[in-house]
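Engineer: Using only what follows, build the 3D model:
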Amino acid sequence: MVVHITNSAPETEKIGEKLAKNLPDRIFALIGELGSGKTTFVKGFAKGLGIKKRILSPSFVLMRQYKITPRRSDLYHIDLYRLEKPIDIKTLGLEEIWNNPYNLVIIEWAEKIKEMLPEKRVEIKFEYIGKDKRKIIVEKISNF
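Structural biologist: Modelled structure (predicted):
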């Protein structure tokens, strides 16, 4: 487990960028309250993968896909904030996406489907400490 304290949005982005450059896994479950820095982190993560496209929260569409060749095929940015029932997730085809070894998957509000997540993943917990201050806890999970 690694704990980071950030004091600004650019610092939170930098943590995401560094993690993407040193990928410890390919499934990332982001957990934390509204405004805790999850989407800001994803912006940095995408930058670390070399994605130039503007990263927008997929809250209303649930999922956005970005090409990240040649290292991998795609980054799937999933935001489950508006998910009504965990059963709705089956219609997204998430299992197919995260079972593809070439895909990277980053899921905001992953706590909503914790029982459905792959056993091997990186959990990243975001805690709001102050106006711009965040605590980010990165933990690799392997339930084998």
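Engineer: longest single helix anywhere in the protein?
Structural biologist: When the chain is parsed with DSSP state H, its longest helix is helix 9-21.
Engineer: nearest spatial neighbour of the spatially most central residue of the chain, skipping sequence neighbours?
Structural biologist: The centre of the chain sits closest to Ile106, judged by CA atoms, centre = their mean, with a distance of 3.1 Å. Nearest non-adjacent residue to Ile106, counting by CB to CB, 6 or more residues apart in numbering: Phe28, 4.4 Å away. C-beta here means a position set from N, CA and C on the backbone, and glycine is covered the same way.
Engineer: in its sheet, what does the helix or strand that neighbour falls within sit against?
Structural biologist: For Phe28, the host element (DSSP states H and E) is strand 27-32. If you go by DSSP bridges, strand 27-32 pairs up with strand 103-108 (parallel), strand 120-128 (parallel).
Engineer: Turn these into TSV, columns for mean pLDDT and distance to Phe41.
Structural biologist: Listed next are the strands paired with strand 27-32 as TSV, based on pLDDT from 0 to 100; distance: least, CB to CB, whole Å:
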stretch	mean pLDDT	distance to Phe41
strand 103-108	94	9
strand 120-128	95	7
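Engineer: Just give the number of residues close to Ser8.
Structural biologist: Neighbourhood size, Ser8 [other CB atoms under 10 Å]: 13.
Engineer: Could you report the separation of it from Glu119?
Structural biologist: Noted for Ser8: a distance of 34 Å to Glu119, by CB to CB, to the nearest Å.
Engineer: what ranges do the helices span in the chain?
Structural biologist: Going by DSSP H, the chain shows helices at 9-21, 38-48, 94-99.
Engineer: where does this structure dip in pLDDT?
Structural biologist: Applying pLDDT under 70 to the chain picks out residues 58-61, 69-72, 85-90, 143-144.
Engineer: try it again with 50
Structural biologist: 144 (pLDDT under 50).
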